[in-house]
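**Q** Fold the following.
(chains A, B and C)
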Amino acid sequence: MPELPEVEVVRSGLEPAVTGARVESVTVLDTRSLRRHDGPAEDFVDRLAGRTILGVVRRGKFLWLPLSADGDAGPEALVAHLGMSGQVLLRDRSTDDALTRIRLELRHPRLAELRLNFVDQRIFGSMAIDPLVATGDGRPGGYSGALAPWPDAWIPGQVAHIARDPLDPAFDDARFLAALAKRRTGIKRALLDQTLVSGIGNIYADESLWAARIHFDEPTGTLSARRARTLLAEVRLVLARALAEGGTSFDAQYVNVNGASGYFSHSLNAYGRHGQECPRCGRPLERASFMNRNSHFCPHCQRLR
DNA sequence: CCTCACACCTGGGTGC
DNA sequence: TGCACCCAGGTGTGAG
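**A** Numbers count the residues shown, from 1 in each chain, chains lettered A, B, ... in the order given. This is a model prediction of the structure:
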């Protein structure tokens, strides 16, 4: 479940159920879902089994579950990225899901036994055990909700290069705007670059650009500081609204930890609406090929300057 | 260092 | 029904 709102729906669903739970057993059904793990599947299983989950943290589209100490190893976390089609489903111990790639059996002190199925059709997502490293700015590594004994200024090594997301209180607006102004590329490319700002994918890039009336291919070099600030504000509004509606779902693939879909697809103004009327000006929205995917926009409201 | 093209993958839906 | 084809919301890597 890809973009920030959908991943946050997963994070917030996992948090009360897995915080404090012990990992009783781990089954790797497809080793390709360990693409991000540095080592063989046996190493993943050995390092995860028996440990207790301390919380659930998210930065952008990355999730990680800090783990209790294990011998001489430094602080580590179970990292999960959902890629294009990943799901994390909480089930009872008798329920299986098609396309489950990794299965964890958990025991929670109050909620007792449960099963966590990592499901992924395309296998662009993956799990990993990764050492935690100190954040560069001393601020919390990501968002961990209210329950966890975080915030701690730690982040998995493999996530450290990802920028903070626009809903993170430690996101530095001035730094982002300065970095954006230095780029020599199109604005949508920049929005999708997770090392510049994280959490935005194809849907919310198109929605934010539509809201800010900016063409997806407008060069970052000609975007005024004022319009860039407007765009950042619209990004935040779009992400927050989508989050409030439980994320965007077009089909059964993008669901929360209980398998339920969000409602934001009903609130989309541009994404997937090519051929239909622009909700603002009434003229037809268009779709254009861009970066091996599609961009949805209003050619009247979003003119290339 | 920055930018961009490309590789990595499957199965559900659609149309003939 | 069967089957070929199309499509999908992301990230890491390496060339230039």
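
**Q** Return the residues of chain A in contact with DNA strand B.
**A** Neighbours of DNA strand B within chain A, by CB under 7 Å from any atom of the strand: A:32, A:85, A:98-99, A:121-124, A:182-186, A:189, A:251, A:291-292. Glycine gets a C-beta too; all of them are placed from N, C-alpha and C.

**Q** Filter those down to just the ones in helices.
**A** Among those, the members falling in helices (DSSP state H) are A:182, A:189.

**Q** For the stretch 1-150 of chain A, which segments count as strands?
**A** For the stretch 1-150 of chain A, the strands defined by DSSP state E, counting those that start in this stretch occupy A:22-28, A:57-59, A:62-66, A:76-81, A:86-91, A:100-108, A:112-120, A:126-134.

**Q** of the residues of chain A next to DNA strand B, buried ones?
**A** With burial judged by 16 or more other CB atoms under 10 Å, the buried subset of the residues of chain A next to DNA strand B is A:85, A:99, A:123-124, A:183, A:186, A:189.

**Q** Mind picking the two most distant members of these?
**A** Longest distance between any two of these is 37.6 Å, between A:99 and A:183; criterion CB to CB.

**Q** count of neighbours near the closest residue to DNA strand C within chain A?
**A** Proximity of chain A to DNA strand C (CB to the nearest atom of the strand) peaks at residue A:201, 1.8 Å away. For residue A:201, the neighbour count with other CB atoms under 10 Å is 21.

**Q** so can I have CSV of the strands of the stretch 1-150 of chain A showing mean pLDDT?
**A** Below are these laid out as CSV (pLDDT from 0 to 100):
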stretch, mean pLDDT
strand A:22-28, 98
strand A:57-59, 97
strand A:62-66, 97
strand A:76-81, 98
strand A:86-91, 95
strand A:100-108, 97
strand A:112-120, 95
strand A:126-134, 97
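
**Q** could these be laid out in CSV, adding distance to residue A:11 and mean neighbour count?
**A** Output for those, formatted as CSV (distance: least, CB to CB, whole Å; neighbours: other CB atoms under 10 Å):
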stretch, distance to residue A:11, mean neighbour count
strand A:22-28, 18, 17
strand A:57-59, 4, 28
strand A:62-66, 6, 27
strand A:76-81, 10, 25
strand A:86-91, 9, 23
strand A:100-108, 16, 20
strand A:112-120, 13, 20
strand A:126-134, 15, 21
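
**Q** Mind putting these into JSON lines with distance to DNA strand C?
**A** As requested, the strands of the stretch 1-150 of chain A are arranged in JSON lines below (distance: least, CB to the nearest atom of the strand, whole Å):
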{"stretch": "strand A:22-28", "distance to DNA strand C": "19"}
{"stretch": "strand A:57-59", "distance to DNA strand C": "10"}
{"stretch": "strand A:62-66", "distance to DNA strand C": "7"}
{"stretch": "strand A:76-81", "distance to DNA strand C": "6"}
{"stretch": "strand A:86-91", "distance to DNA strand C": "9"}
{"stretch": "strand A:100-108", "distance to DNA strand C": "15"}
{"stretch": "strand A:112-120", "distance to DNA strand C": "11"}
{"stretch": "strand A:126-134", "distance to DNA strand C": "9"}
